[in-house]
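K.L.:
Fold the following for me, if possible:
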Amino acid sequence: MNVNDLLADSLGRVRERMPDVVAGLSDDDLAWRPDPGANSIAWLVWHLSRIEDDHVAAVAGSEQVWVADGWAERFDLPFDVHEHGYAMSVADVGRVRAGAGLLAGYYEAVAARSEAYVATLGPGDLDRVVDEAWDPPVTLGVRLVSVVNEVNAHLGQAQYVRGLLERR
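P.N.:
Just a heads-up that it's a prediction; the model follows:
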């Protein structure tokens with residue numbers, strides 16, 4: 001397996017499971033939080049999509065799908081266009097409301113762009129420094145592993161919240 005296949009498979013697993021996480025849920029179901037301080041499925045899916053979009057666009061040197069393809073306007077959230085949810089307040093988490101089709105559609109667009117990008121990479125590309133603000137500086141390989149970790153963690157959280165929702 002080469003690096004392209006490994007990254008595509010890692011991110012592709014989220015892509016395969018995303019539709020099931022939101023399927024059949026109403027906007028209210030997607031916004032439901034098991035506790036006032038917890039994250040909703042809508043927020044988790046939006047956030048993991050935004051993180052993947054933000055991070056892959058940055059390393060690819062491209063505009064985020066969120067802006068370039070008009071997803072920010074379709075979601076119409078009350079945040080700056082560059083917001084992706086990191087360190088967001090409990091109140092702001094509650095402001096993320098979106099339908100299942102919109103959430104799944106945005107992630108699909110992000111996943112398609114990510115897949116196309118990782119298909120262009122070779123093993124030597126992974127050592128390229130993409131962020132010098134850290135010590136040690138972050139390489140492309142480290143950043144992409146971070147994206148894989150982030151999106152998988154939040155997908156699991158969304159699946160868990162769905163399980164709680166179905167049992168309430």
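K.L.:
Can you classify residue 51 by secondary structure?
P.N.:
What DSSP: H, G, I helix; E, B strand; the rest coil gives for residue 51 is helix.
K.L.:
can you map out the strands along this structure?
P.N.:
129-131, 138-139 (DSSP state E).
K.L.:
And the shortest one, what does it pack against?
P.N.:
Based on contacts counted as 3 or more CB pairs under 8 Å, 6 or more residues apart in numbering; DSSP states H and E, the elements that strand 138-139 packs against are strand 129-131. Just so you know, the C-beta spots here come from the backbone N, C-alpha and C atoms, and that holds for glycine as well.
K.L.:
Buried residues, the strand it packs on. List them.
P.N.:
The neighbour-count check on strand 129-131 (16 or more other CB atoms under 10 Å) flags residue 130 as buried.
K.L.:
circling back: which among the strands of the chain is found nearest to residue 79?
P.N.:
Residue 79 sits nearest to strand 129-131 of all the strands of the chain, at 23.1 Å, using CB to CB.
K.L.:
That closest one: how far from the chain's middle?
P.N.:
Centre-to-centre, strand 129-131 and its host chain are 20 Å apart (CA atoms, centre = their mean, to the nearest Å).
K.L.:
Stretch 84-104 too?
P.N.:
Here stretch 84-104 shows a centroid-to-chain-centroid distance of 11 Å under the convention CA atoms, centre = their mean.
K.L.:
For stretch 27-41, the averaged confidence score.
P.N.:
What stretch 27-41 shows for mean pLDDT is 97.
K.L.:
what's next to that stretch, contact-wise?
P.N.:
Stretch 27-41 is contacted from outside by 21-22, 25, 42, 45, 47, 90, 93-94, 96-100, 103, 157-158, 161-162, 164-165, using CB atoms under 8 Å, 6 or more residues apart in numbering.
K.L.:
what do you get if the cut-off is 7 Å, keeping everything else the same?
P.N.:
Contacts to stretch 27-41, defined as CB atoms under 7 Å, 6 or more residues apart in numbering, come from residues 21-22, 25, 42, 90, 93, 96-100, 157-158, 161-162, 164-165.
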